[in-house]
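Novice: Next one to model:
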Amino acid sequence: MIHGLKVYENAGRVVGNRYSEKDTYFTDEGFKLVSGNPITPDAKQVALVHEDFANTNGLNIGDYIVLKNVEGKEIEEKVKIIGIFTSTRKSDSEEYMDTTNLFENIIFTDLNTTSKLIYETDSENSQYGDFEVEDPEKLDDLIAEMKEIEDVFWDNCKITKNDSNYENTKESLDGLRKIVSTAIAIILIISVILVVLILNLWTKHRTNEIGILLSIGISKKDLIWQQILEVLIISVPAFILSFVTSSIATKVIGSKLINSISSSIDITVNIHDWLIVSGIGLLIILVSTIISIYQITKIKPRDIFSKID
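Specialist: Model (predicted):
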């Protein structure tokens, strides 16, 4: 309850935190800090209030309010408002909900203040805790390690694995990956066929030129190196340009596709992957060029000239 202030009904809920930004209300329930600062481990006697609650009671950041235990204990704690938050969605079934569960009546405080209000102690006490892992695949390992902590009465505790968002996102991304991989494979096959055909036609159109060069003493080795150099002059700038254009296209098109699944995933072109793809593409072009020019260099110059009209 908020002592001495106008509230929505008679009481509200106080939630203690060490990191308010990592509370499930903010990570899963759509709460968002609109002004001020979040609660951190070094914060003492502080609070975050809902913007509707603040507007109703004329409260601003820096004001003080008094929290009172309404469960039969004469305990009060004065706290300073350091932040104001909002909720992007409404409470479920508000007309049937107890006022303590309304989003507008939830107040976040530091864990020390909550311990004083509920347990009458200065030491930090927790009813539940949220833990995060950088690699969701290691979540089960973390749970196993937690259960080995000896100072916790695990018979009275329940560990809940909250990885539904990750699993749903992973499933959607796996489906998208299969579609993209199939499309890339088809495009790659078509591209290789087109490159081979174009290089073969390009080389055959230069048959007369090759015959002249061979007749004046230019070696087949030098001709092959000349063709490779010409291909590199065209291909290398093209591959560099492809990195720039693919980066832009990935940001625009890829982000729209991924954001439909999850807005927390950043899409970028990995330069290592680009180098591998470019290297494979360049290798295909070079091999196709060498094969095409080598087939012509096997023809004798007089045979080439005899076919000239």
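
Novice: Quick one: low-confidence residue ranges for the stretch 201-309 of the chain.
Specialist: 203, 246-247, 249-270, 294-309 (pLDDT under 70).

Novice: the helices in it, which residues?
Specialist: All helices of the stretch 201-309 of the chain, identified by DSSP state H, counting those that start in this stretch, fall at 207-215, 220-249, 255-259, 271-297, 301-306.

Novice: TSV please, covering those and showing distance to Asp42 and mean neighbour count.
Specialist: Glycine gets a C-beta too; all of them are placed from N, C-alpha and C. Below are the helices of the stretch 201-309 of the chain laid out as TSV (distance: least, C-beta to C-beta, whole Å; neighbours: other C-beta atoms under 10 Å):
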stretch	distance to Asp42	mean neighbour count
helix 207-215	78	16
helix 220-249	41	13
helix 255-259	35	14
helix 271-297	40	15
helix 301-306	84	12
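
Novice: Now those helices in a markdown table, please, with extra columns for distance to Leu117.
Specialist: Putting the helices of the stretch 201-309 of the chain into a markdown table (distance: least, C-beta to C-beta, whole Å) gives the following:
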| stretch | distance to Leu117 |
| --- | --- |
| helix 207-215 | 90 |
| helix 220-249 | 53 |
| helix 255-259 | 41 |
| helix 271-297 | 53 |
| helix 301-306 | 97 |
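
Novice: wait, which of those helices is closest to Gln45?
Specialist: helix 255-259 (40.2 Å; C-beta to C-beta).

Novice: just to revisit the earlier point, so which of the helices of the stretch 201-309 of the chain gets nearest Ile39?
Specialist: Ile39 lies closest, by C-beta to C-beta, to one member of the helices of the stretch 201-309 of the chain: helix 255-259, at 29.5 Å.

Novice: Out of the helices of the stretch 201-309 of the chain, which gets nearest to Phe85?
Specialist: The nearest among the helices of the stretch 201-309 of the chain, by C-beta to C-beta, is helix 255-259 at 24.0 Å.

Novice: Can you give the domain ranges for this structure?
Specialist: 13-130, 165-306 (automatic domain parsing).

Novice: Dump these into TSV; add distance to Cys157 as well.
Specialist: Converted to TSV, those look like this (distance: least, C-beta to C-beta, whole Å):
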stretch	distance to Cys157
domain 13-130	9
domain 165-306	23
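
Novice: and among these, the most buried is which?
Specialist: domain 13-130 (a mean of 16; mean count of other C-beta atoms under 10 Å).

Novice: Distance from it to the middle of the chain?
Specialist: Its chain's C-alpha centre and that of domain 13-130 lie 29 Å apart, by C-alpha atoms, centre = their mean, to the nearest Å.
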